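Participant: got a predicted model here, sequence first, then my questions.
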Amino acid sequence: MTNYSRELEKASDVSELFEIVKHVVKDFIGRERPGLVLGLAELGGQPGAFIGAFHPVGSNLIVLNKNPLNIIEHTRPEYYKYYVFHLLLHEYLHTIGILDENYNRYVTRTISESTFGRNHPVAVISRDMTRLFPEVIYASMGWTPNNRPKIEIVENFEDGNISYIG
């Protein structure tokens with residue numbers, strides 16, 4: 001069995017984190033989805049509606065909210081890869097058809113706790129993000145972009161990328 005904790009510690013970029021996400025999901029629920037694209041955008045937030053990332057249903061896109069990423073990278077860098085892993089796991093589960101938000105959160109938490117243990121930062125984030133990042137949740141509140149957010153595509157995100165939606 002793969003030691004995903006060790007793999008996670010060795011990961012040095014978002015592409016490597018995503019490879020681990022894909023393997024964890026394949027091992028845990030036996031499903032996968034190739035050909036995804038990662039985008040970054042300023043998504044803002046609203047009271048009661050923190051947005052860390054989203055997946056437009058029917059697309060091959062996952063979009064991460066840049067502002068919380070930047071805050072965590074600069075204020076809590078020791079948790080940055082765990083936060084990114086959590087977001088990618090949650091959104092990847094959406095891409096394979098787990099669309100109900102509450103059920104997706106449950107599956108994300110179950111996979112995180114089973115894979116890393118209940119006290120690992122990924123599992124803690126999956127249960128209650130505000131415990132580790134209250135400053136991120138509240139820093140995003142009440143701000144929304146003026147226009148449709150500009151999505152920056154991350155190059156070479158997934159090794160198995162395809163240029164069309166199959």
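Facilitator: Everything's here; your move.

Participant: measure residue 20 to residue 131 for me?
Facilitator: 23 Å (C-beta to C-beta, to the nearest Å). Placement of C-beta: from N, CA and C, glycine included.

Participant: residue 63: helix or strand, and which one exactly?
Facilitator: Using DSSP states H and E, residue 63 falls within strand 61-65.

Participant: and that strand, how far out from the chain's middle?
Facilitator: Centre-to-centre, strand 61-65 and its host chain are 8 Å apart (C-alpha atoms, centre = their mean, to the nearest Å).

Participant: could you point out which element follows it?
Facilitator: helix 66-75.

Participant: quick one: the helices in the chain, in order.
Facilitator: 4-10, 14-29, 66-75, 80-95, 101-116, 121-127, 129-132, 134-139 (DSSP state H).

Participant: got CSV for these, with distance to residue 43, mean neighbour count and mean pLDDT too?
Facilitator: CSV is the format used below for the helices of the chain (distance: least, C-beta to C-beta, whole Å; neighbours: other C-beta atoms under 10 Å; pLDDT from 0 to 100):
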stretch, distance to residue 43, mean neighbour count, mean pLDDT
helix 4-10, 25, 14, 96
helix 14-29, 17, 18, 96
helix 66-75, 7, 17, 89
helix 80-95, 12, 23, 97
helix 101-116, 16, 17, 97
helix 121-127, 18, 21, 96
helix 129-132, 15, 14, 84
helix 134-139, 13, 15, 64
